[in-house]
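A.B. asks: dropping a prediction and its sequence here:
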Amino acid sequence: DGVGKDTLIDNAASLVELLQLRAERQAHRTAYTFLENGEQPIQSMTYGELDLQARQLAAQLQALGLQGERAILLYPPELDYIVAFFACLYGGLIAVPAYPPSNGRHMPRLQAIIDDSQAAVILSTQSVADAVRQFAVDSAGLLDKRWLITDNLAAVDASAWRLPTLHDHDPAFLQYTSGSTGNAKGVIISHGNLMANQQLIKRRFGHNAQSTVVGWLPLYHDMGLIGNVMQPLYCGAGAILMSPMAFLEKPVRWLQAISDYRAHNSGGPNFAFELCARKISRDEKAGLDLGNWRLAFNGAEPISPDTMNRFAAAFAACRFRSLRI
């Protein structure tokens, strides 16, 4: 799959079928690379590795009788999250991405999502689970939930996995609103929704297998999950990922990764472009070549044409090409 049309890929009915095709045809293609502190590549995963690890975890979820249940995903913004998400799809579970709490203020929202989704299990890492225990003084019920710590699981024979029957209208995951203006509300995203959305993004963004993506957006949020995880898979491309905190601490890391990996596509909310225009110094700009950046998308909050014009002017010397808005 690339610049041409691939009927088998284009007709895939779900992300499960799509990942299996990628693993079969592009097993050694690096799908995702995670940059520690937004700079050093410390983790990478091929399509073949993602397929295998998803099947291994899905087999364990099925063995626990969790097919058809909802599973809360509590992970740092690393590759373990991506494995767990696809394991839910592979296992026939409904994934519920959630923000891993970093303090007690986040606990009420998490508890509300767990209660509203009626989740049967929480998938997480040991470090996140330990942090939740510290913050859960007023959420004792959360600790009584069934937890599966996936970074401590012994590897199992992936042949125990059974492909679930998935229909277009079946829920793939629940996407919860931020809850900033009221209780977080869950939106059911079906397998059919996802595939139609991915096809539209690919067509409108002009993506193909050479369209390297760079992103720092939270993976539990729709823009990060849909744009930086699913879309590269849909196109057979690769993604370079970093944590949101790595970007916020030092905005040049985002643009440096776009430069280093010659990314075609990257974006974020309006504030990200504003932050870069204001905070990145002349010396930092000297190391940037943004000439391969073909599509810079802006969304998820009100968009300011002035911000985009300031950004374009600030990085014109770095070969950032744009049409004035």
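C.D. replies: Nice, I can see it.
A.B. asks: tell me the spacing between Asp115 and Asn183.
C.D. replies: Applying CB to CB, to the nearest Å, the value for Asp115 to Asn183 is 10 Å. From N, CA and C alone the C-beta is placed, and that goes for glycine too.
A.B. asks: likewise for Ser124?
C.D. replies: Taken as CB to CB, the span from Ser124 to Asn183 is 23 Å.
A.B. asks: compare the two (neighbour count), which wins?
C.D. replies: Taking other CB atoms under 10 Å, Ser124 and Asn183 do not tie; Ser124 has more neighbours (26 against 12).
A.B. asks: might you report the residue contacts of the more buried one?
C.D. replies: Residues in contact with Ser124 (CB atoms under 8 Å, 6 or more residues apart in numbering) are Leu73, Leu74, Tyr75, Pro100, Val132, Trp147, Leu148, Ile149, Thr150.
A.B. asks: got a ChimeraX select line for the buried ones in those residues?
C.D. replies: Only the buried entries of the contacts of Ser124 go into this ChimeraX selection, using 16 or more other CB atoms under 10 Å:
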select :73,74,75,100,132,147,148,150
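A.B. asks: can you list the contacts of Ser124 in JSON lines and add distance to Gln53?
C.D. replies: JSON lines is the format used below for the contacts of Ser124 (distance: CB to CB, whole Å):
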{"residue": "Leu73", "distance to Gln53": "15"}
{"residue": "Leu74", "distance to Gln53": "18"}
{"residue": "Tyr75", "distance to Gln53": "14"}
{"residue": "Pro100", "distance to Gln53": "20"}
{"residue": "Val132", "distance to Gln53": "23"}
{"residue": "Trp147", "distance to Gln53": "19"}
{"residue": "Leu148", "distance to Gln53": "14"}
{"residue": "Ile149", "distance to Gln53": "15"}
{"residue": "Thr150", "distance to Gln53": "10"}
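A.B. asks: and the contacts of Ser124 as a markdown table, adding secondary structure, distance to Asp306 and pLDDT?
C.D. replies: Output for the contacts of Ser124, formatted as a markdown table (DSSP: H, G, I helix; E, B strand; the rest coil; distance: CB to CB, whole Å; pLDDT from 0 to 100):
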| residue | secondary structure | distance to Asp306 | pLDDT |
| --- | --- | --- | --- |
| Leu73 | strand | 37 | 96 |
| Leu74 | strand | 38 | 94 |
| Tyr75 | coil | 36 | 94 |
| Pro100 | coil | 35 | 85 |
| Val132 | helix | 41 | 85 |
| Trp147 | strand | 47 | 91 |
| Leu148 | strand | 48 | 92 |
| Ile149 | strand | 47 | 92 |
| Thr150 | helix | 45 | 92 |
